[in-house]
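Colleague: Here's a sequence, model it:
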Amino acid sequence: MFLTIARLRNSIPGSQWIGKHRRPRFVTEVMKQGIIKRLEREAENEYWLSRPYMTKDQEYRHNVERRNLYRKKTMDEKRAKFPEHKFATEHLGHLNVTKKWTEA
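Modeller: Predicted coordinates for the structure are as follows:
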């Protein structure tokens, strides 16, 4: 091991950013500011999430009418796309080209 270090002269073997013997990454002022911004944003999100807009009683089934209207609208759209009903005689009408058994 010491022979390897002496030969490599403290260089990082392989990829310098991964592995057991990787190059240390120094913390800069920009990194600190980014972490502080992220923590402040997270604290603000926690603040707003801890104060709900509606109480649990107000929130319970508050969108029933809108949901029913949406379901009705989607069902009407599906029914509009559905083909009209046809009888079996309309489906099998192409088979009645010649009626040889009635002519005899």
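Colleague: just for the protein, where's the confidence low?
Modeller: 1-10, 12-13, 100-104 (pLDDT under 70).
Colleague: Which helix runs longest in it?
Modeller: The single longest helix within the chain, with elements called by DSSP state H, is helix 29-50.
Colleague: so how far is that helix off the chain centroid?
Modeller: 25 Å (CA atoms, centre = their mean, to the nearest Å).
Colleague: Which element is encountered next along the chain beyond it?
Modeller: helix 56-59 (DSSP states H and E).
Colleague: Please state the offset of that next one from the chain centre?
Modeller: For helix 56-59, the separation from the chain centroid amounts to 27 Å (computed by CA atoms, centre = their mean).
Colleague: Please enumerate residues in contact with it?
Modeller: By CB atoms under 8 Å, 6 or more residues apart in numbering, the residues outside helix 56-59 that reach it are residue 52. C-beta coordinates here come from the backbone N, C-alpha and C atoms, glycine included.
Colleague: Tell me the helix or strand right after it.
Modeller: By DSSP H and E, the next helix or strand past helix 56-59 is helix 64-81.
Colleague: Show the subsequent helix or strand relative to that next one.
Modeller: Assignment by DSSP H and E places the next element after helix 64-81 at helix 88-91.
Colleague: and that next one, which residues are buried?
Modeller: Residues of helix 88-91 classed as buried by neighbour count (16 or more other CB atoms under 10 Å): none.
Colleague: Now do the longest helix of the chain: which elements does it pack against?
Modeller: Applying 3 or more CB pairs under 8 Å, 6 or more residues apart in numbering; DSSP states H and E, one finds that helix 29-50 contacts no other helix or strand.
Colleague: Please export the C-alpha coordinates of that helix as CSV.
Modeller: Taking C-alpha atoms only, helix 29-50 is exported to CSV below (Å, rounded to 0.1, in the frame of the first residue of the first chain):
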residue,chain,number,x,y,z
GLU,A,29,-20.0,30.1,0.0
VAL,A,30,-22.4,29.5,-2.9
MET,A,31,-23.1,26.0,-1.7
LYS,A,32,-23.8,27.4,1.8
GLN,A,33,-26.2,30.0,0.4
GLY,A,34,-28.0,27.4,-1.7
ILE,A,35,-28.5,25.1,1.4
ILE,A,36,-29.8,28.1,3.4
LYS,A,37,-32.3,29.0,0.6
ARG,A,38,-33.5,25.4,0.4
LEU,A,39,-34.0,25.2,4.2
GLU,A,40,-35.9,28.6,4.2
ARG,A,41,-38.1,27.4,1.4
GLU,A,42,-38.8,24.1,3.3
ALA,A,43,-39.6,26.0,6.5
GLU,A,44,-42.1,28.2,4.5
ASN,A,45,-43.7,25.2,3.0
GLU,A,46,-44.1,23.6,6.4
TYR,A,47,-45.7,26.8,7.7
TRP,A,48,-48.3,26.9,4.9
LEU,A,49,-49.0,23.2,5.1
SER,A,50,-49.6,23.4,8.9
